[in-house]
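Coordinates for the following, if possible.
(chains A and B)
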2 protein chains.
Amino acid sequence: MGKPLIATPQTQHFPDRLPLQGGGAIRAYDLAFETYGTLNADKSNAVLVCHALNASHHVAGVYADQPKSAGWWDNMVGPGKPLDTNRFFVIGVNNLGSCFGSTGPMHVHPDTGQVYGADFPVVTVEDWVNAQARLLDSLGIQQLAAVMGGSLGGMQALGWTLQYPDRVRHAVVIASAPNLTAENIAFNEVARRSIVTDPDFHGGHFYQHGVVPQRGLRIARMIGHITYLSDDVMNTKFGRQLIGDSYRYTTQDAEFQIESYLRYQGDKFSDYFDANTYLLITRALDYFDPARHFDGKLTAAFAKVQAQFLLVSFTTDWRFSPQRSREIVKALLDNRRTVSYAEIDAPHGHDAFLLDDARYMATVRAYFDRIAQEVAA
Amino acid sequence: MGKPLIATPQTQHFPDRLPLQGGGAIRAYDLAFETYGTLNADKSNAVLVCHALNASHHVAGVYADQPKSAGWWDNMVGPGKPLDTNRFFVIGVNNLGSCFGSTGPMHVHPDTGQVYGADFPVVTVEDWVNAQARLLDSLGIQQLAAVMGGSLGGMQALGWTLQYPDRVRHAVVIASAPNLTAENIAFNEVARRSIVTDPDFHGGHFYQHGVVPQRGLRIARMIGHITYLSDDVMNTKFGRQLIGDSYRYTTQDAEFQIESYLRYQGDKFSDYFDANTYLLITRALDYFDPARHFDGKLTAAFAKVQAQFLLVSFTTDWRFSPQRSREIVKALLDNRRTVSYAEIDAPHGHDAFLLDDARYMATVRAYFDRIAQEVAA
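Residues are numbered from 1 along each chain as shown, chains lettered A, B, ... in the order given. Prediction:
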């Protein structure tokens, strides 16, 4: 074990308006980001890591004097890790509309002087990718060695290969999908309704009322959490274990361990996550659908991509199942693109993409080893 | 098509206290029930049909002058139907704690003169079976030709074979399970939390406040509904179909058809279902676990059963998967019981047990044909 990677958050201000897919624009905005490793002389070793629902630009390392502040993908990104910051210059960026530093619903609308709240415009994966591209411009990076993400982050990686095909050499797309299924949208919708119908939501302008729709956020997180895990891993971890020694016969108190676990996750989440951000990010998931303008034909949608791909899925992931990754693989192969695909037999469900699994880690490591050789060559 | 079966709801008052599994008792209570067909001279043709979460004693037929009031299993039960009321005397009974006529949280506690609300005692599958047995006593029926149910109703059928092994000759257990998994409990818990944390719940005593926790009930129903359907059938029925012609870019309005469908289901449910009943019935599901007193060994739990069994499961049912039915089949076979088992390849998920599927209907019909021969013999 060497010295821990120390992360330093930065903020870049963008004074130019960003047109949005849904119409309108954000007039001016900030992006919070972090970088790890060193950009090489020809700026060919940059890797952008895109985050999913509740993560941020803090991908790897710890903040100085905060040893417990490890980034959300610290097992994947760092010195000697599969995405090795001794070789690559890694960028983590917080997306627009998020609540961890980039401009979002909690910030002041420059036109009105009021907090955006529910007036923050709907942002899409495509908008995020455009904003990320401007960040790369500001860093002087023309082309990425790779863009990488899991889940919604994987959608952004796909978006990069479609919107900026000549700016990305490799895309690493993990536990992702070419769009959401009806069931995926359904779970998002229930989570959103639980937030929107919380009386403390106030139509999304709760900040002015000095309250937070914590009830709704708790429910949203509990639903989300169930879909991140597999039935198997829940049975292994919790099964029907009771909190007490025997049934206490109660409808309102927690009786089973799984119940108190979910309550704890919901409470924790509702203390730090912004309700409007939750709506925006789940909607970005719902809206992503590159085949939409091609009669639903993913092969046609991917005709323009130039990147090479690594896709990884997990057998017990029922949120973004291997089948969905295979649809992407097929569409890419139809276009004679270079694709590697690994289906990892892991018990952890969708959450597997954040966890240590030897074969998974080795697969990503091997892929980046190959990219590193190209960079060095 | 003959004349429609006309259903006539009845109520039976039980003046004697019913001891409850969770301790205490219900001092006196009513059960709402319906019967269809004619009890034969030796009272050997009675079939009890047990309901699941949101159904009632109104299993089959229509109420006079209400042609749209068909019972919840009217495709299964009636003259010439798989469970043929020309041959069997079928009994539907509303369970204690429900909100469709039997004594429940909306009724007045005889000791206090106040509406029970959250003070209604926790009732279990075992308690329901005991109450149902008293109803049979009152009807003069010593032994059932069969007890039948789907989902939670199937658990009651299992309960009958365990609690009253000599009072039931056949058990028809459809889309059921020997207990809930951690994931099943997790979904129930999120639904309960959405109700309990609705400010209009008032600790379960909302009746006194003239309100109903409709927000929570809506969310609970939406979650439930997702788990009743398969991913496949949702994609076939709704897919990513929009309500409008194109994306409207909104976080709070419904955008996809699946969203308005779920909202509609939630609204409808919250208009008629009682919140305390929802808590009680989901808890009865959570608590059912006959192997609990046998070190988790289902085979040991089933040593006492005498009935013959038909079990049916559906391939796309991820709420009560075929694997769970197979566990029951195995435990019964370990005990050398007579078991028929059909795994139906149906696309509809858990809801399949309520729908018409030719092979499913034929399987149940054939089984009851066999029972009818025994009755006639």
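
A:Lys68 falls within a helix, correct?
No: under DSSP: H, G, I helix; E, B strand; the rest coil, A:Lys68 sits outside any helix and is assigned coil.

Quick check: closest non-adjacent residue to it.
If the residues on either side of it in the chain are set aside, A:Lys68 comes closest to A:Val62, at 7.6 Å by C-beta to C-beta, 6 or more residues apart in numbering or on different chains. To be clear about C-beta, it is placed using only N, CA and C from the backbone, and glycine gets the same treatment.

Tell me the bridge partners for A:Ala171.
A:Val147, A:Phe309 (DSSP bridges).

Give me the neighbour count for it.
Residues near A:Ala171, counting by other C-beta atoms under 10 Å in any protein chain shown, number 28.

follow-up on the earlier one: where does the residue nearest to A:Lys68 land on pLDDT?
Looking at A:Val62, its pLDDT stands at 97.

just A:Val375 next, same as before
With respect to pLDDT, A:Val375 scores 85.

Buried ones in the lengthiest helix in chain A, by neighbour count?
Assignment by DSSP state H gives helix A:358-376 as the longest helix of chain A. Neighbour counts over helix A:358-376 (16 or more other C-beta atoms under 10 Å in any protein chain shown) mark A:Tyr360, A:Met361, A:Thr363, A:Val364, A:Arg365, A:Tyr367, A:Phe368, A:Ile371, A:Ala372, A:Val375 as buried.

Dump these to TSV, plus distance to A:Ala331.
Below are these laid out as TSV (distance: C-beta to C-beta, whole Å):
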residue	distance to A:Ala331
A:Tyr360	23
A:Met361	27
A:Thr363	21
A:Val364	22
A:Arg365	26
A:Tyr367	20
A:Phe368	24
A:Ile371	22
A:Ala372	27
A:Val375	27
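
Check those against chain B and report the nearest one.
Comparing the buried residues of helix A:358-376 against chain B with C-beta to the nearest C-beta places A:Tyr360 closest, at 23.0 Å.

quick one: the strands in chain A?
A:6-7, A:10-14, A:18-19, A:25-26, A:29-36, A:46-50, A:62-63, A:77-78, A:83-84, A:89-93, A:146-150, A:170-174, A:308-314, A:339-344 (DSSP state E).

now these as a markdown table including distance to B:Gln66?
A markdown table is the format used below for the strands of chain A (distance: least, C-beta to C-beta, whole Å):
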| stretch | distance to B:Gln66 |
| --- | --- |
| strand A:6-7 | 67 |
| strand A:10-14 | 64 |
| strand A:18-19 | 57 |
| strand A:25-26 | 56 |
| strand A:29-36 | 60 |
| strand A:46-50 | 57 |
| strand A:62-63 | 67 |
| strand A:77-78 | 65 |
| strand A:83-84 | 66 |
| strand A:89-93 | 61 |
| strand A:146-150 | 54 |
| strand A:170-174 | 55 |
| strand A:308-314 | 51 |
| strand A:339-344 | 54 |
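
Nearest to A:Val123 among those strands would be which one?
strand A:25-26 (8.1 Å; C-beta to C-beta).

Distance-wise, check A:Arg17 relative to chain B.
17 Å (C-beta to the nearest C-beta, to the nearest Å).
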